[in-house]
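Student: Predicted model follows, preceded by the sequence.
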Amino acid sequence: MSLLLGVHDHIWFISDELKMMQAFLRAADGARENIGVLKAYSELIRDLAYDIEDSLEEFMVFIKNKSLVKQLLSLRERHRIAVQIRTLKLRVQEVSQRNTRYNAIKLTPSTSTNVIGDTEFTRNFTALNVEEAQLVGLDEPKKKLMELIGILDEPKEHESSNTGPRVVSLVGMGGIGKTTLTKKVFDSNDLSDKFGTRAWITVSQSFEQKEIFKEMVKHLFGAESLHKLLEDHQGQQVLEVHLADYLSKRLKETSATYDGVVHGCHRMFNE
């Protein structure tokens, strides 16, 4: 019983560790000298990070879809998840001790500036490799998301007279499947049938808006379009306003999915 009661403490522990792992992986990927020990240690961290994210998602789905009574009755399932979480905590501690023994982390200040976090990599890797059958408990949110996007007929109580561009936001704590859900909707045949042009854009917590616009041009209209745009401004600096103007002229019916912090990007539609 003490194991079940302590599971939330373990959850917070491995959640915090996951953030540090993701930051380390990003820095390690940017290191100029990826020596054997660091490479091997990075692989251990990456595998463990995947397992932690999967377990956190499973835990949140279980909690969300079970009433209090059912949770108390399904002690066997709770015990299984608790054991899994505790095992992950022990693995985290062992990996930390292993670094102490082999001194694997030797990241220089030059690489530390790249430590934005590997959250996008881990989330997107998971989203790209989750089968439809594994989306346990997400059928209803998926249907709702498709209604909001306009793929399915929206319930009358949610209908809006606004026919202009809309932003649909998915909000929630990490590990509950937001990216997985969104990616499955984005890849669906229903979405591709409705929107002939669409793009999946990943935006980190630290980003350059001009680079985001360049990515949008490339994914929406092809690398050749971006290359031609840059050639047209040869000898001049391509500014955000140039990219925004190009996008605003070419965007018609487009579903652009932003994953992460998108502060400021909406200005593109107003310029």
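Tutor: Structure's in. What do you need? Numbers count the residues shown, from 1 in each chain.
Student: Listing request: residues of the stretch 51-200 of the chain with sub-threshold pLDDT.
Tutor: 61-75, 99-138, 152-164, 173-176 (pLDDT under 70).
Student: Repeat the analysis, applying 80 as the threshold.
Tutor: Applying pLDDT under 80 to the stretch 51-200 of the chain flags the ranges 53-82, 85, 95-139, 150-166, 171-180, 195-197.
Student: what are the ranges of the strands in it?
Tutor: 197-203 (DSSP state E, counting those that start in this stretch).
Student: Helices of that one, start to end?
Tutor: Remark: helices assigned in the stretch 51-200 of the chain by DSSP state H, counting those that start in this stretch are 68-73, 75-102, 109-112, 119-128, 139-149, 178-186, 189-194.
Student: number of nearby residues for S188?
Tutor: For S188, the count of nearby residues is 16 (other CB atoms under 10 Å). Quick note: C-beta positions are derived from backbone N, CA and C, even for glycine.
Student: ugh, wrong one, I meant E17
Tutor: E17, neighbours per other CB under 10 Å, totals 21.
Student: which phi and psi does it have?
Tutor: When quoted as degrees, to the nearest 10, the phi and psi of E17 stand at phi -60, psi -40.
Student: My guess is it contacts L90. True?
Tutor: No: in this structure, E17 is not within contact of L90 by CB atoms under 8 Å, at 11.7 Å.
Student: which residues are in contact with both of these two?
Tutor: With CB atoms under 8 Å, 6 or more residues apart in numbering applied, the contact sets of E17 and L90 do not overlap.
Student: Distance check, Q22 against I52.
Tutor: According to CB to CB, to the nearest Å, Q22 and I52 sit 10 Å apart.
Student: How about I151?
Tutor: 32 Å.
Student: which one of these two has more residues nearby?
Tutor: Between I151 and I52, counted using other CB under 10 Å, the more crowded position is I52 (23 against 19).
Student: Next one: that one relative to F186, how far apart?
Tutor: In terms of CB to CB, I52 sits 25 Å off from F186.
Student: same deal with R91?
Tutor: As for R91, its distance to F186 is 32 Å (criterion: CB to CB).
Student: And L90, by the same measure?
Tutor: With distances taken as CB to CB, L90 is found 37 Å from F186.
Student: got it, and M60?
Tutor: 21 Å.
Student: for H233, same thing?
Tutor: Taken as CB to CB, the span from H233 to F186 is 31 Å.
Student: how close does K19 sit to F207?
Tutor: Taken as CB to CB, the span from K19 to F207 is 18 Å.
Student: So between the two, which is more surrounded?
Tutor: Comparing K19 with F207 by other CB under 10 Å, the one with more neighbours is F207, at 18 against 14.
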